[in-house]
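Asker: need a 3D model of the sequence below.
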Amino acid sequence: GMVSNWTKIPPPLFKKVVIVLIDALRDDFVFGSKGKQFMPYTTQVVEKGTSYSFIAEAKPPTVTMPRIKALMTGSIPGFIDVVVNLNSPALLDDNLIWQAKTAGKRIIFYGDDTWVKLFPKHFVEYDGTTSFFVSDFTEVDDNVTRHLDRVLKREDWDLLILHYLGLDHIGHMTGPNSPLVGPKLREMDNILKKIHISLLSKEEASLPNLLVVCGDHGMSETGSHGGSSDGEVHTPLLFISSAFEKRSAPLARPEHVQQTDLASTLAICLGLPISRNSVGNLILPVVGGKTMREQLRFVHLNGFQLSRLLQENTPAYEKDPGYEHFKIAEKSHGNWIKLYLEGNNSEVLLNLGKKVLKQYLEALKTLSSSLSKQVAQYDMYSMMVGTVIIMEVLLLLLLSVPKALSKRAEFELPLSPPLFSLLFYLMCLLLCAVHVIVCTSAESLCYFCSMSWLTAVGVMMLISALMCGILSAIAKIFENSRVPPKSPVVSSSSWSEVDLLILAGTIGHVLSLGASSFIEEEHQTWYFLINTLCLVLCQELCRNNFLLEECDLHRSTNVKQNFDSIGETSECKNIDIPAPSNSKLGKATSSSEFIKGSDKWISLATPWIILICCRLLRSLNQTGVQWAHRPDFGHWLTSSEHKSELSFLAAVSLLMIFFLVQRRCSLVSKIAMALGLLGVYSYRAAIGNVIFPWQHGGKDISKGIIEARFVYVFVLGIVFTGTKDLLKSQVISADSSTKSTGLWEVYSGLVLLAALLFRPHNLPVLVFCLLIQTMMTKYIWIPLKFDAAQITIMHYWFGQAFFYFQGNSNGIATVDISAGFVGLDSYVEIPAIFLTAFATYAGPFLWAIHLLCYLSSEVSR
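Answerer: Modelled structure (predicted):
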């Protein structure tokens, strides 16, 4: 008692520790109705056994690699880890695995190979499985379980980590309400039962064993993860050991803890130092069975580690309320030790101990929260370089806008201004000098400084070239403004309502991105803009068809008189040229001749039909953040009771797609399209999403690899045919019809690919996309003779709206990873990335290709 032992690490509390991490295990899978139904053993241990249960809250981004980092280091990873998640580098931060290895603990690992990449050479034995091949539900878990019996019999390990991926893959492919989830949870329950019974049978009197069950993240209602919805951030955390007291009453709702708390709790349990950068708190009930002196020592260790971390990161750390609380608690702790050493065993000692414990816990909470706020360290230099490039490109685009939005839609970029060549080299030298100074004086790690010199010089040259281009463009504008116009041209810049809406809408949308709420709910902005656009187009069509009919009639009378009096046809030719005094009137007059009879009424109904389509699509998928959890028609369709309705809808949608796409294809492409769409339905039937009419009861669910590859053959065939026509039109004959047919065939091939990758309930999105494009082309764009700029922006708006109609949002949780593995039987990086990106951005991409098709078909203008 005379010499302080507070710098020594306490002895371990448990002999062997098994961590079972079940990927995408939501809290309601254990504590909800699914847990009672499919995980009876775990439920019994939670409610009546020797265990402590918590709900661990994960911080976004809720993807695997950042979550493993949080569990093992106790720190909060940044959003860059979402990108790094695809190819994890070795973890260099102080962490639990490194501490355990340094302390001589023997660690065995089986499961997701992300661990092997993060902790190379840390495991005495390991077997990694790839985490990205999401259409594998069984082998990925069997590869972990096959080692279990052998390892549990052995005595030559201290820490066993098992990471099961099957549940996460089921979520990605079929969602949390899939019939496959139940059997998978039952399988996990049997594994936990086997491990728990084995640990109990091997226990010695001196030190008990510990089983930890946790999830790295949950899953959203669509089965994906990455965002911050309750389903994604709340995971169960169970500590099961004979060292704990048996629960007398059933458990109320489990207490909430932070996921980062696990690192410091496990460090204390294993008798290891707490990781240096950990912001987690010790979960006190786990050590609650120990004496008051030991409990106080554990929380003091945790407080000391957090206060050290605060001192390193905050200059004015002494004024931090958490640090002040900790110092007060430390003083009280000293007084308690004095009383304890005097041999005082009265009630006073116990009450003072409880008070000190409470003070420590308050201090830990405050320290942890103030450290969590400081966790984001930004690489300012790299961010500034990126911002400069973006601002230069934006300025260059703005300077080119007047020409790009003129009738001829030209875009001129001055690339080789001879006047500025000297300036270019001087700027390069100056920027390189700045780069050297910043990189040699920077204390923290900088991404841009870590690049090779060749890349860095390339970036400097790009910045210099853009700057010279901007100066050249400005000089050209001043030059043009000085030169008087050679011939007086009557300006026809009377702005229509469509022009005003396009300008106001585009500027309004850009300004809305200044508020995070508008980014989270960006779909509302686009839905509002396209609805308003439809109403303005309706007004334009009404004016065209009704208000200008009298004027049209009056003009035709004039023509007749001209014929009678002069007898020349030249006046007749010129009658449709817009009058300079009112260009809009002229344009509308000439275009009203296109719409006759029944077409006129269809044309007038078109904006209203589009509005109805958009309203139906909005109810198909809830998106955004605030209302994403609300039930929608998509959820109703994907539930197992409505499989026949979904099958009928998918079949009708595929027929409609064929009907809308085939009209401009060649005969060969039509046949390929029909067979391809049949293959799409067969693929969805093979993987169990839809059923054939003659199919009854449970059919074996396969991965549908053959069916998907059958469709890929037709996609490639159609795209190849279209590309051949395009090349033919460019090289052999300058025939515009061959060119537009070629473009349309490429487009139809991509529509077939989208139909294969879209979930069956999303096929109506593709149908309405094609329907709206067809109707707008025939009844709005051609008759009203909109110019290239107007049509381009309309395509852009609809493309953005269709991105959200698909169920996407600005959160990564809505990315459908399963699309990347359609037709693949193993993880192949480049095809997986291409297919996932295409499926995600199919809406904007198909509208962009349609814009190309439309503009190339308008040869006469």
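Asker: which residues are in contact with D825?
Answerer: K703, I705 (CB atoms under 8 Å, 6 or more residues apart in numbering). For the C-beta atoms, the positions are set from N, CA and C on the backbone; glycine is no exception.
Asker: and if you look at L367?
Answerer: So L367 contacts G303, L306, S307, L310, D320, G322, Y323, H325, F326 (CB under 8 Å, 6+ apart).
Asker: what stretches of the protein score poorly on pLDDT?
Answerer: The chain contains residues with pLDDT under 70 at 1-7, 79-88, 375-377, 405-420, 443-445, 484-493, 548-597, 695-701, 734, 861.
Asker: show me the domain layout of it.
Answerer: 16-289, 290-374, 380-477, 525-551+597-859 (the TED database).
Asker: and I519, which of those is closest to it?
Answerer: Evaluated with CB to CB, the domains of the chain place domain 525-551+597-859 nearest to I519, the distance being 5.5 Å.
Asker: one step back: need the contacts of L367 in JSON lines with secondary structure, can you?
Answerer: Output for the contacts of L367, formatted as JSON lines (DSSP: H, G, I helix; E, B strand; the rest coil):
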{"residue": "G303", "secondary structure": "helix"}
{"residue": "L306", "secondary structure": "helix"}
{"residue": "S307", "secondary structure": "helix"}
{"residue": "L310", "secondary structure": "helix"}
{"residue": "D320", "secondary structure": "coil"}
{"residue": "G322", "secondary structure": "helix"}
{"residue": "Y323", "secondary structure": "helix"}
{"residue": "H325", "secondary structure": "helix"}
{"residue": "F326", "secondary structure": "helix"}
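Asker: can I get the domains of the chain in JSON lines including distance to K8?
Answerer: Below are those laid out as JSON lines (distance: least, CB to CB, whole Å):
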{"stretch": "domain 16-289", "distance to K8": "10"}
{"stretch": "domain 290-374", "distance to K8": "10"}
{"stretch": "domain 380-477", "distance to K8": "33"}
{"stretch": "domain 525-551+597-859", "distance to K8": "45"}
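Asker: out of those domains, the one nearest G508 is which?
Answerer: domain 525-551+597-859 (7.8 Å).
Asker: biggest helix in this structure by residues?
Answerer: Secondary structure of the chain per DSSP state H: the longest helix is helix 453-482.
Asker: how about that one: buried residues?
Answerer: 456, 459-461, 463-470, 472-473 (16 or more other CB atoms under 10 Å).
Asker: can I get the residues you listed in TSV including distance to P61?
Answerer: Shown next, in TSV, are the buried residues of helix 453-482 (distance: CB to CB, whole Å):
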residue	distance to P61
A456	29
V459	27
M460	32
M461	34
I463	30
S464	36
A465	35
L466	32
M467	35
C468	39
G469	37
I470	36
S472	42
A473	40
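Asker: OK, contacts around L513?
Answerer: Neighbours of L513 in contact, by CB under 8 Å, 6+ apart: I519, E522.
Asker: can you give me the helices in the stretch 251-400 of the chain?
Answerer: Using DSSP state H, counting those that start in this stretch, the helices found in the stretch 251-400 of the chain span residues 261-270, 292-313, 321-341, 347-373, 380-404.
Asker: how about the shortest one: buried residues?
Answerer: Just to be clear, that refers to helix 261-270. D261, L262, A263, S264, T265, L266, A267, I268, C269, L270.
Asker: of these, closest to I718?
Answerer: When the buried residues of helix 261-270 are ranked by distance to I718 (CB to CB), L262 comes first, at 52.1 Å.
Asker: next up, the contacts around the closest one.
Answerer: A56, L71, G74, V212, C214, L237, G280, I283.
Asker: the same query, at a cut-off of 10 Å, please.
Answerer: 19, 54, 56, 70-72, 74, 96, 212, 214, 237, 239, 278, 280, 283, 286 (CB atoms under 10 Å, 6 or more residues apart in numbering).
Asker: on that earlier part again, just give me how far the longest helix of the chain sits from the chain centre.
Answerer: Offset of helix 453-482 from its chain centre (CA atoms, centre = their mean, to the nearest Å): 35 Å.
Asker: with stretch 255-267 instead?
Answerer: Distance of stretch 255-267 from the chain centroid (CA atoms, centre = their mean) equals 27 Å.
Asker: put the alpha carbons of that stretch into PDB.
Answerer: Extracted in PDB, the C-alpha atoms of stretch 255-267 (Å, rounded to 0.1, in the frame of the first residue of the first chain):
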ATOM      1  CA  GLU A 255     -29.100   0.000 -22.300                       C
ATOM      2  CA  HIS A 256     -27.500   2.000 -25.100                       C
ATOM      3  CA  VAL A 257     -23.700   2.100 -25.300                       C
ATOM      4  CA  GLN A 258     -21.300   3.400 -28.000                       C
ATOM      5  CA  GLN A 259     -19.700   0.800 -30.300                       C
ATOM      6  CA  THR A 260     -16.300   2.400 -29.500                       C
ATOM      7  CA  ASP A 261     -16.800   1.300 -25.800                       C
ATOM      8  CA  LEU A 262     -16.000  -2.300 -26.700                       C
ATOM      9  CA  ALA A 263     -12.300  -1.700 -27.300                       C
ATOM     10  CA  SER A 264     -11.600  -0.300 -23.800                       C
ATOM     11  CA  THR A 265     -13.900  -2.900 -22.100                       C
ATOM     12  CA  LEU A 266     -12.100  -5.800 -23.900                       C
ATOM     13  CA  ALA A 267      -8.700  -4.300 -23.000                       C
END
